[in-house]
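Trainee: coordinates only, sequence not included:
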Ligand code: UDP
Ligand code: MG
């Protein structure tokens, strides 16, 4: 029995390691993920970026559906998102990944658990907590500065926040009940927030059993 547990543990530690990165739109997920990539050598897979790239791919059968969902702040069916994430992981030579902006609702979670959860080792969920007002200002100034995103406007943002409150927060709470969530106060400047992020990664990665 004990040796089975040990073998399973050994096999698990050989799987690619992942960290889910969640938080409201504009909470700084993308910015901090770039910092984590540089400092800790993870690959950054943003579900939103993967969907936007797929939308631009000529001949993609899902392009139109993806655009409609993004503009409305709705969540794309998990089969599409999961397929893109798995493909990006397979193409990469890395063995540790930040999965940014996913899973965002129950459909995402169920689809992930069915297709991917046994192929990876989930280290933890990094949760950026940030006031809605600050988040909205960040997204609007990102839009004004030419992000080119069809959802960085006040109408789409309202819907994105609703989706976040109704659909994503419950998923974060589920992971929290399993003791997997690391909370970060994300209201500060990028460098102040990264100081908090570093503490979490240094702590988890220094525990040799990962
Ligand atoms: N999206 C989705 N599934 C995902 C991630 C993103 O459907 O797993 C869509 C959704 O419409 C979302 C949009 O892509 O509102 C933008 O997501 P992104 O993560 O880029 O936005 P952020 O929260 O980082 O501002
Ligand atoms: Mg993002």
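Mentor: Nice, thanks for sending it over. Remember, predicted model here, so these are calculated numbers, not experimental data. Ligands and ions are numbered 1, 2, ... in the order given.

Trainee: Worst mean pLDDT across the helices and strands of this structure, which element?
Mentor: Ranked by mean pLDDT, DSSP states H and E, the weakest helix or strand in the chain is helix 2-13, scoring a mean of 67.

Trainee: residues contacting the residue nearest the centre of the chain?
Mentor: Nearest residue to the geometric centre of the chain (CA atoms, centre = their mean): residue 100, 2.0 Å. By CB atoms under 8 Å, 6 or more residues apart in numbering, the contact set of residue 100 is 21, 29, 30, 33, 44, 45, 46, 47, 48, 49. All C-beta spots, glycine's among them, are computed from the backbone N, C-alpha and C.

Trainee: ok so, going back, specify the next element, helix or strand, located C-terminal of the least confident helix or strand of the chain.
Mentor: strand 17-23 (DSSP states H and E).

Trainee: quick one: contacts of that next one?
Mentor: 29, 32-33, 42, 95-104, 120-130, 168, 171-172, 175, 186, 210.

Trainee: List the strands paired with that strand, with their directions.
Mentor: Counting by DSSP bridges, the strands paired with strand 17-23 are strand 96-100 (parallel), strand 121-129 (parallel).

Trainee: Packing partners of the helix or strand following the shortest one?
Mentor: Okay, so that is strand 96-100. Scanning forward in sequence from strand 96-100 by DSSP H and E, the next helix or strand is helix 106-115. Judged by 3 or more CB pairs under 8 Å, 6 or more residues apart in numbering; DSSP states H and E, helix 106-115 is in contact with helix 78-91, helix 169-177.

Trainee: now with 6 Å?
Mentor: helix 78-91 (3 or more CB pairs under 6 Å, 6 or more residues apart in numbering; DSSP states H and E).

Trainee: Highest neighbour count among the contacts of residue 100?
Mentor: residue 21 (28 neighbours; other CB atoms under 10 Å).

Trainee: Tell me the residues of this structure that contact ligand 2?
Mentor: Residues of the chain lying close to ligand 2 by CB under 5 Å from the ion are 29, 30.

Trainee: could you redo the last one with a cut-off of 6 Å?
Mentor: The chain has residues 29, 30, 46, 48, 100, 101 near ligand 2, with proximity defined as CB under 6 Å from the ion.

Trainee: a markdown table for these, including pLDDT?
Mentor: Formatted as a markdown table, those follow (pLDDT from 0 to 100):
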| residue | pLDDT |
| --- | --- |
| 29 | 98 |
| 30 | 97 |
| 46 | 98 |
| 48 | 96 |
| 100 | 98 |
| 101 | 98 |
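
Trainee: near ligand 1, which of those show up?
Mentor: The overlap between the residues of the chain next to ligand 2 and the neighbours of ligand 1 (CB under 6 Å from any ligand atom) comes to 29, 30, 46, 48, 101.
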